[in-house]
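Peer 1: Sequence and predicted structure are below.
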Amino acid sequence: MSKTIVYRKMTVEDIPAVVEIEKEAFPTPWTEEIFEHEMTSNDYAHYIVAVDGDTVVGHCGMWVVLDECHITNVAVRKSLRGYGIGEALMRKAIELCEANDVKLMTLEVRVSNDPAKNLYRKLGFQDGGIRKNYYTDDHEDALVMWVEL
């Protein structure tokens, strides 16, 4: 990892690398087709990537509808977790939301994902409730978290 990670808006060209990261991070990763639809057809979708040199090393997706934002996914290459890239991606998402007059951000996280929950709490997110059997791969519950901006 270089000393300088650049954070920028995701492009269609980033999709193959983002899908690789999804496969490392999630039991049911989003596909190239899903990301292509998000990038080309979903007016509410906003995506940020973390880039090290020429390599995409993380991404954060969100849907911004009126004054609310729903974080859809946040992932960092397994080999680079623990270096603050996920936190920086989330901070960039918060900045984007603040610039667009978003008042509330929300997300779901696996109840077992303590590192992610701790990060979100560090950023001011609060526990909102449980979505029972939310994840299709293993029916794990999701914790809904939210923060007012």
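Peer 2: Here it is on my side, so go on.

Peer 1: Skipping adjacent residues, who's closest to residue 72 in space?
Peer 2: Excluding its sequence neighbours, the residue lying closest to residue 72 (C-beta to C-beta, 6 or more residues apart in numbering) is residue 61, at 4.1 Å. C-beta: built from backbone N, CA, C; applies to glycine.

Peer 1: State the number of residues packed around the one you found.
Peer 2: Number of residues near residue 61 (other C-beta atoms under 10 Å) recorded here: 25.

Peer 1: try residue 19
Peer 2: Here the count is done by other C-beta under 10 Å, and residue 19 has 18 residues near it.

Peer 1: Show me what the mean pLDDT comes to for the lengthiest strand in the chain.
Peer 2: The residue-count maximum for a strand in the chain (DSSP state E) belongs to strand 55-65. For strand 55-65, the mean per-residue pLDDT is 98.

Peer 1: mind listing what the helix or strand just after it pairs with, with the direction of each?
Peer 2: Helices and strands here follow DSSP states H and E; after strand 55-65, the next one along the chain is strand 68-76. Strand 68-76 has the following strand partners under DSSP bridges: strand 55-65 (antiparallel), strand 104-110 (parallel).

Peer 1: I'd like to know which elements the helix or strand just after strand 68-76 is packed against.
Peer 2: Sequence-wise, the next helix or strand downstream of strand 68-76 (DSSP H and E) is helix 85-99. Counting contacts by 3 or more C-beta pairs under 8 Å, 6 or more residues apart in numbering; DSSP states H and E, the secondary-structure elements packed against helix 85-99 are strand 5-9, strand 45-52, strand 55-65, strand 68-76, strand 104-110, helix 114-122.

Peer 1: Pull the residues that contact the helix or strand containing residue 21.
Peer 2: Applying DSSP H and E as the criterion places residue 21 in helix 15-25. With C-beta atoms under 8 Å, 6 or more residues apart in numbering as the contact definition, helix 15-25 has outside contacts at 10, 29-32, 35-36, 39, 47, 49, 55-59, 73, 75-78.
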